[in-house]
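>>> Kindly return the folded structure for what I paste below:
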Amino acid sequence: MQSDLLKLIDLQQADSRVAALRAEVAALPGQVQKIEAKLAVSKAHVEAAQAAMKADETARRKYESEIQDHQQKISKYRDQSLNVKTNQEYKALLSEIEQAEAAIRKLEDRILEIMVAADARKEELKKAEASLQADTADNEKEKEHARQQTAEDETALAELDAQRQELRANINDDTLRHYDRVLKLRGSALSAVHDDQMCSVCRVLLRPQVFQDVMRGEETMYCDSCQRILYFVPPPPKPEGEAQPEPKKRKSKAVTEVPQEESSPADEAAAQ
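Next up, the predicted model:
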């Protein structure tokens, strides 16, 4: 196989590795963003649980303050009831006291509801904080992995770039331009050919002469269909004692033989 073809095979391997590394580097920030988004959700859950507990505490204090106000009113109404002169005034004060006591009972029920819900609130906050702690650890771990992976990939990319430049410097300019053009257009510029006589990428059957030239590897050959540079990959060696299969040959039109007529005894006698 000619040296340019060998270098092109190595170049395509390097270019494929470069593309994979660049894709990996580009994907790492997205992975970090996903874990950060999860972390943000965990933080929001903690903040929501804390806000709910704070709102309950604020409501409880408000209800307690209202209860004190009603108790003060009851005390005032009772003091006033000692000085009333008519039954109508006395009944009016008793009605005010009953209304205040009813309001106190409602407020006490609300405070009790808050106290009952407090345990559930605390459990919810505890779970949210545990989830946040786990997600924070995962976030830091993912960021560290991204930093390390990026550093490793960048080192590998630098080595591959040096290897690529060395290979490209020793390849024929016309061949290299064709390689670059097909690589940009199709994502790969070379295609292996096996004994099935096909371009292994586009699966088009090669012309017999093209296949023979590819097998010899003495010149750069291209696929008529996809324009990729072709190179032959021989079949793996068979165990000793087994015959090595020959490359498949195209079917040719069968030649039909015209059968000769059998001679009769009379014809044979005439011939004698």
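>>> Would you mind measuring from residue 234 to residue 193?
10 Å (CB to CB, to the nearest Å). Bear in mind the C-beta positions are built from the backbone N, C-alpha and C, glycine included.
>>> err, residue 144, not the other one
46 Å.
>>> which of these two has more neighbours?
In terms of neighbours (other CB atoms under 10 Å), residue 193 is the more surrounded of residue 144 and residue 193; the figures are 22 against 10.
>>> Identify each of the helices in the stretch 51-200 of the chain and give its residue range.
87-169, 173-186 (DSSP state H, counting those that start in this stretch).
>>> Redo the ones you listed as a markdown table? Include distance to residue 80 and mean pLDDT.
Formatted as a markdown table, those follow (distance: least, CB to CB, whole Å; pLDDT from 0 to 100):
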| stretch | distance to residue 80 | mean pLDDT |
| --- | --- | --- |
| helix 87-169 | 6 | 93 |
| helix 173-186 | 97 | 95 |
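>>> The ones you listed: which one's closest to residue 78?
helix 87-169 (6.8 Å; CB to CB).
>>> Direction-wise, compare the closest one with helix 173-186 and give the angle.
Interaxial angle of helix 87-169 relative to helix 173-186 (axes from the mean of the first three to the mean of the last three CA atoms, to 10 degrees): 160 degrees.
>>> What helices and strands are in contact with helix 87-169?
Judged by 3 or more CB pairs under 8 Å, 6 or more residues apart in numbering; DSSP states H and E, the packing partners of helix 87-169 are helix 3-81.
>>> Residue 10 versus residue 164, what's the distance?
The value you get for residue 164 to residue 10, if CB to CB is used, is 9 Å.
>>> Torsion angles phi and psi at residue 229?
When quoted as degrees, to the nearest 10, the phi and psi of residue 229 stand at phi -80, psi 130.
>>> How many neighbouring residues does the closest residue to it other than its chain neighbours have?
Nearest residue to residue 229, sequence neighbours excluded (CB to CB, 6 or more residues apart in numbering): residue 190, at 4.9 Å. The burial count assigned to residue 190 is 21, neighbours taken as other CB under 10 Å.
>>> go on, residue 109?
11.
>>> Check the one 3 residues further on too.
By the measure other CB under 10 Å, the count of residues near residue 112 is 10.
>>> and if you look at residue 185?
11.
>>> likewise residue 37?
By other CB under 10 Å, the residues close to residue 37 number 11.
>>> swap in residue 141?
11.
>>> What separation do you get for it and residue 110?
45 Å.
>>> now residue 37
38 Å.
>>> just residue 94 next, same as before
Residue 94 is 25 Å from residue 110, by CB to CB.
>>> same thing with residue 46?
Taking CB to CB as the measure, residue 46 falls 26 Å from residue 110.
>>> Those two: which is more packed in?
Neighbours were counted for residue 46 and for residue 110 using other CB under 10 Å; residue 46 has more, 18 against 15.
>>> Skipping adjacent residues, who's closest to that one in space?
residue 128 (4.4 Å).
>>> what's the neighbour count on the one you found?
So residue 128, with other CB under 10 Å, has 19 neighbours.
>>> ok, back up a step: would a markdown table of the helices of the stretch 51-200 of the chain with distance to residue 206 be doable?
Formatted as a markdown table, these follow (distance: least, CB to CB, whole Å):
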| stretch | distance to residue 206 |
| --- | --- |
| helix 87-169 | 26 |
| helix 173-186 | 17 |
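>>> Of all those helices, which one is nearest residue 55?
Nearest of those (CB to CB): helix 87-169, 9.6 Å.
>>> The closest one versus helix 3-81: what angle between them?
Using the same axes, to 10 degrees: helix 87-169 against helix 3-81 is 170 degrees.
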